[in-house]
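Enquirer: Curious how this folds, go ahead:
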Amino acid sequence: MFGAPGRLAVEERLPGLRNELDVDVCIVNGENIADGAGITGKLADRLLAAGADVITLGNHAFRRDGIGAYLATSELVIRPANAGSQLPGRGLAVVEARNGVRVAVINLLGNLFIDAAMSPWEMVDELVDEARAQAPVVVVDFHAEATSEKIALTRWLDGRVTAVIGTHTHVQTNDARILPGGTAAVSDAGMTGPHDSVIGVVAELAIRRMRTRLPVRFQPAEGDVRIEGVVVDCTDDGRAERIELLRVNV
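Expert: Okay, the predicted model is just below:
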């Protein structure tokens, strides 16, 4: 979700979409809703009030002042578990879906091209075991740059989690699938925000920085706002049966 356009789209459309799609639990990656970089406690509360059950973050989780104190006490807004052992917050949340089934959500950073404090491979098995001890449905938000790493982690976790949903690159990928072990996967769920842009940023500003290599203050764009994501159907014991890309023009 990117900037005010993405946040406002979710606040306005999420309640209706939940009913229209008969969604039992809604997981939202909200790490870029504060002017395109980071999140604040106030904005997180607005997303939760709009219908998000869990908010995951990413490599920009701590860009905003005061978010550390918020994450230290929140059970529904989580940051990547491998972002750093000294950081406040948690990387695992457990909620009850509308149908009464418990759902665990894990947030992890990729290791390739992202400055993660610890490799996800060093802790993912322990996290999954912890999650499965608390809930039959386990969803992993893997916030990573490299498609290869996302696919590798998905293959490693096939049959042990319900879904591995890639985030971070802001471009929805056309590889939504169910693996043989019953795990749903997609390399990137896409971007909720302005698509008349360079992954959310005013195009002229992004291009200027690329061409000149000079510092440029980025601003969220405004045009062609879409809500993107995936819808996963699964059994109550956590086996995925269907995954479908979601794209809604706002």
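
Enquirer: Work out which residue lies at the spatial centre of this structure.
Expert: The centre of the chain sits closest to Asn29, judged by C-alpha atoms, centre = their mean, with a distance of 3.2 Å.

Enquirer: who's in contact with it?
Expert: Going by C-beta atoms under 8 Å, 6 or more residues apart in numbering, Asn29 touches 1, 55-58, 141, 143, 167, 189. Any C-beta I mention is one placed from the backbone N, CA and C, and that applies to glycine too.

Enquirer: May I see these organised as CSV, with pLDDT and distance to Val95 added?
Expert: Output for those, formatted as CSV (pLDDT from 0 to 100; distance: C-beta to C-beta, whole Å):
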residue, pLDDT, distance to Val95
Met1, 90, 19
Ile55, 98, 11
Thr56, 98, 12
Leu57, 98, 16
Gly58, 96, 20
Asp141, 98, 14
His143, 98, 19
Thr167, 98, 18
Ala189, 98, 19
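
Enquirer: picking up where we left off before, quick one: pLDDT of the residue nearest to the centre of the chain?
Expert: Asn29 carries a pLDDT score of 97 in this model.

Enquirer: partners of it in the sheet?
Expert: Thr56 (DSSP bridges).

Enquirer: Phi and psi next, for the residue of the chain positioned farthest from its centre.
Expert: Centroid-distance maximum for the chain: Thr212 at 31.6 Å, with C-alpha atoms, centre = their mean. Here is the backbone geometry of Thr212 (degrees, to the nearest 10): phi -100, psi -20.

Enquirer: My reading is that Pro180 lies in a helix. Confirm?
Expert: No - applying DSSP: H, G, I helix; E, B strand; the rest coil, one finds Pro180 to be coil, outside a helix.

Enquirer: Now it: closest residue in space that isn't a chain neighbour?
Expert: Spatially, and ignoring its direct neighbours in sequence, Pro180 is nearest to Asp158 (6.7 Å; C-beta to C-beta, 6 or more residues apart in numbering).

Enquirer: The one you found and Arg177: what is the separation?
Expert: Computed with C-beta to C-beta, to the nearest Å, the distance linking Asp158 and Arg177 is 11 Å.

Enquirer: Give me the more crowded residue out of these two.
Expert: More neighbours surround Asp158 than the other of Asp158 and Arg177, with 17 against 12 (other C-beta atoms under 10 Å).

Enquirer: what separates the more buried one from Ile151, distance-wise?
Expert: On the measure of C-beta to C-beta, Asp158 and Ile151 end up 11 Å apart.
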